[in-house]
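Peer 1: how would this look folded up:
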Amino acid sequence: MSESSTSGADMTVASAFAGMRSVTPVTFKAGCPDCRGRVELAASALRLAIGASSRTTFYSFTCPECGASVRKPAGERIVELLTGGGVSTLRLQSP
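Peer 2: Below you'll find the model as predicted:
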């Protein structure tokens, strides 16, 4: 058995990145319970905490309109969307 000499060593930087496109930043829409504002937030403005149960899994952000700290429950679908969109995640451990 012999290895082929064309194992990708001849690949150039240009050919490696030829199919890539620019990435559009992800924004998330959320509502503030204090001011009732509908806001759009970048992934960097959100935090996701994943706990041992649905009661301890939530996302949080600071409302850009009124400055309130907002914490909302996050079900499986929300967790999937937020993690896929690049939101920072904290895994909570049981005591």
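
Peer 1: shaky segments in this protein?
Peer 2: For the chain, the stretches with pLDDT under 70 are 1-11, 16-17, 20-23, 94-95.

Peer 1: for it, what spans make up the strands?
Peer 2: With strands called from DSSP state E, the chain shows them at 27-31, 38-42, 46-50, 58-62, 69-73, 88-91.

Peer 1: hmm, who's touching stretch 56-63?
Peer 2: 30, 32, 34-35, 37, 39, 41, 45-51, 68-75, 78-79, 82, 87, 92 (CB atoms under 8 Å, 6 or more residues apart in numbering). All C-beta spots, glycine's among them, are computed from the backbone N, C-alpha and C.

Peer 1: What of stretch 27-41?
Peer 2: 42-43, 46, 61, 63-66, 68, 70, 72, 81-82, 85, 87.

Peer 1: Just the buried residues of it, please?
Peer 2: F28, A30, C32, V39, L41 (16 or more other CB atoms under 10 Å).

Peer 1: Determine which two of those residues are furthest apart.
Peer 2: Distance extremes for those: the farthest pair is F28 and C32 at 13.0 Å, using CB to CB.

Peer 1: re earlier: tabulate the buried residues of stretch 27-41 (JSON lines), appending distance to T12.
Peer 2: Formatted as JSON lines, those follow (distance: CB to CB, whole Å):
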{"residue": "F28", "distance to T12": "38"}
{"residue": "A30", "distance to T12": "44"}
{"residue": "C32", "distance to T12": "50"}
{"residue": "V39", "distance to T12": "44"}
{"residue": "L41", "distance to T12": "39"}
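
Peer 1: ok, so of the residues you listed, who is nearest V13?
Peer 2: F28 (33.7 Å).

Peer 1: Please report how far the closest one lies from S53.
Peer 2: 23 Å (CB to CB, to the nearest Å).

Peer 1: Likewise for A45?
Peer 2: Distance from A45 to S53, by CB to CB: 26 Å.

Peer 1: the more surrounded of the two?
Peer 2: A45 (17 against 8; other CB atoms under 10 Å).
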